[in-house]
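Engineer: Sharing a model that was predicted from the sequence below.
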Amino acid sequence: MGFLDSFDLTKTLNRDEEARRLKAGQERLLYLRLLAGGIYDASGILGPPFCVVFEGWDASGKGGAIKRVVEPLDPRHVRVVSIAAPSVDEKRHHFLTRFWPQLPGWGGMAVLDRSWYGRVLVERVEGFATEEQWRRAYEEIKSFERMITDEGMVLIKFWMHISHDEQLRRFSAREAEPVKRWKITGEDWRNREKRPEYELAVTEMLERTDTSFAPWIVVEANDKRHARVKVVEQVVESLERGLSRAGIEVGETPRSP
């Protein structure tokens, strides 16, 4: 059994449990975000920069999970960045260069849909990076993450994990629905045919870049309700720890009168 097979993709939540836990998690997240931005009590004291990275299989529910994270927040207080293939000009520089402008500063929050891990995933499998480049990238990425977390950033990394069969079901459902058909491309189908190569790359990525300062959280995402709740609750936990490390007292979530 491979590493990815060790995760229980049968985990589910019913609709009521999802609604209850999402409501509690999102209320807590809103409070923490205001606290981190120094605007909850107008103290002006900024919390640590907070960056949430989403990686995962195509159709694994990254977009739905991101929506639940940012939904309760004022859009002025969080930035969502969708990472596409590097431009011609970006390819002239070290692969990590283009990510610096996307990182939040103190009191800020950013959510990245895809990230620098493309170097050891799609660029590795599709041959867009040489073997020497992607093999070197593991240590480069860890050094990069060590540097930004040493400076105070809270970095949380999600791998959204679904089965091969569930992915096929979601691909087929997207193709059958006109307003969602744009989400599925020929490239998605081609990538699916290379699942064994991608599984090898994902496994090595998770094993080699899981660190104490920037650990991976694998989200069992066959059930969307379970996945969304787990993501929101893990984001809350990470932000609580980051604020506490920065010396900011968190306290209980205030309740409306």
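Structural biologist: Yes, it's here.

Engineer: What's the separation between Asn38 and Pro48?
Structural biologist: One thing to correct before we go on: residue 38 is Gly, not Asn. Gly38 sits 12 Å away from Pro48, taking CB to CB, to the nearest Å as the criterion. From N, CA and C alone the C-beta is placed, and that goes for glycine too.

Engineer: what about the two, which has more around it?
Structural biologist: The neighbour count for Gly38 versus Pro48, taken as other CB atoms under 10 Å, is higher for Pro48 (25 against 16).

Engineer: Test my guess that that one contacts Ser244.
Structural biologist: No: contact between Pro48 and Ser244 fails when scored by CB atoms under 8 Å: they sit 10.2 Å apart.

Engineer: what is in contact with those two at once?
Structural biologist: With CB atoms under 8 Å, 6 or more residues apart in numbering applied, the contact sets of Pro48 and Ser244 do not overlap.

Engineer: As a check, name the ranges of all helices in the protein.
Structural biologist: 15-36, 62-70, 122-125, 131-150, 164-176, 186-193, 195-208, 224-245 (DSSP state H).

Engineer: just so I know, which of these lies nearest Ala214?
Structural biologist: Relative to Ala214, the nearest member of the helices of the chain by CB to CB is helix 131-150, separated by 4.2 Å.

Engineer: and the closest one, what's its mean pLDDT?
Structural biologist: The average pLDDT within helix 131-150 is 98.

Engineer: Could you pull out the buried residues of the helix or strand bottoming out on mean pLDDT in the chain?
Structural biologist: The helix or strand of the chain with the poorest confidence is helix 186-193; it has a mean of 90 (mean pLDDT, DSSP states H and E). Within helix 186-193, the residues scored as buried using 16 or more other CB atoms under 10 Å are 191-192.

Engineer: just for the chain, where's the confidence low?
Structural biologist: Along the chain, the model assigns pLDDT under 70 to residues 1, 257.

Engineer: how close does the residue nearest to the spatial centre of it get to Arg33?
Structural biologist: Against the mean C-alpha coordinate of the chain, by CA atoms, centre = their mean, the closest residue is Phe54 at 2.0 Å. Going from Phe54 to Arg33 by CB to CB gives 18 Å.

Engineer: likewise Arg169?
Structural biologist: Relative to Arg33, Arg169 is positioned 34 Å away (criterion: CB to CB).

Engineer: Neighbour count for these two, which is higher?
Structural biologist: Ranked by neighbour count (other CB under 10 Å), Arg169 and Arg33 place Arg33 first, with 24 against 13.

Engineer: Perfect, I'm done here.
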